[in-house]
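Enquirer: Whatever this is, show me its structure:
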Amino acid sequence: MAGIDKMIRQIQDDTKTVCDDMIAAAQAKAEKILADAKKEADKISADRKKRTAAHIADIEKRGESSAALEERKVALYTKQSIINDMLNTGMKTAKDLPDDEYFALILKMIEKNSQPQDGVIFFGKKDLARLPLNYIDKINSVSKGKLTLSDNAAAIDAGFILSYGGIEENCSFDAIFMSGKDNLSDRAGRLLF
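Expert: Below is the predicted model of the structure:
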């Protein structure tokens, strides 16, 4: 678990660095927009001396408002991109764990998601080929009900599918990350920003 925490901290540190760089770039762009808006206001003022000071102030205000809006748009897009990248990196990190850590994580997921009834567990082709010896015994030691290992590969990349009387619970990494994406995005956003 300490390894996962360390990886998460590393991902968070890397993400924070990328975020800081992107926000700095967004701020620089916003400053350029403000500078361009100011130049435009000054040019209009010089070209049309008949304009009143109120008109000039109005143009500057619109330029600043536009720049502020653009800055907010860029910041929001940047934050969303960073969070999506972080989630994708987290999922890839989980998928690429060494076998012992990966299958220990799978056991925790089975313990959390299993039902107190007999069922069947399906793994993807890659996981079926690398299952540790007697892994079904370990599965059943943490499962709330007895699970039978299916020889048929599920169409998933990582994780597993539990089937209870024809009702399937998709516990693939893709499904879990997608179902928890909003919650994870909110939590990541609070941590990063």
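Enquirer: Report the secondary structure element holding the residue nearest the centre of the chain.
Expert: Nearest to the mean C-alpha position of the chain, counting by C-alpha atoms, centre = their mean, stands residue 87 at 2.4 Å. Take DSSP states H and E as the rule and residue 87 turns out to sit in helix 53-95.
Enquirer: and that helix, average pLDDT?
Expert: Averaged over helix 53-95, pLDDT sits at 80.
Enquirer: all strands of this protein, in order?
Expert: 119-123, 147-149, 159-164, 167-172 (DSSP state E).
Enquirer: Which residue, other than its chain neighbours, is closest to residue 119?
Expert: residue 164 (4.2 Å; C-beta to C-beta, 6 or more residues apart in numbering). Every residue, glycine included, has its C-beta placed from N, CA and C.
Enquirer: from what I can see the one you found touches residue 117, true?
Expert: Yes. Between residue 164 and residue 117 a contact is recorded at 5.7 Å, counting by C-beta atoms under 8 Å.
Enquirer: Need the overlap of contacts for those two.
Expert: Here residue 164 and residue 117 have residue 145 as joint contacts, going by C-beta atoms under 8 Å, 6 or more residues apart in numbering.
Enquirer: how much space between residue 121 and residue 67?
Expert: Separation of residue 121 from residue 67 (C-beta to C-beta, to the nearest Å): 56 Å.
Enquirer: wait, I meant residue 167
Expert: As judged by C-beta to C-beta, residue 167 and residue 67 stand 54 Å apart.
Enquirer: Between the two, point out the one with more neighbours.
Expert: Between residue 167 and residue 67, counting by other C-beta atoms under 10 Å, residue 67 is the more crowded of the two (20 against 9).
Enquirer: Could you list the domains of the chain?
Expert: 2-96, 99-179 (automatic domain parsing).
Enquirer: Ok, which of those domains comes nearest residue 187?
Expert: Ranking these by proximity to residue 187 (C-beta to C-beta) places domain 2-96 first, at 9.6 Å.
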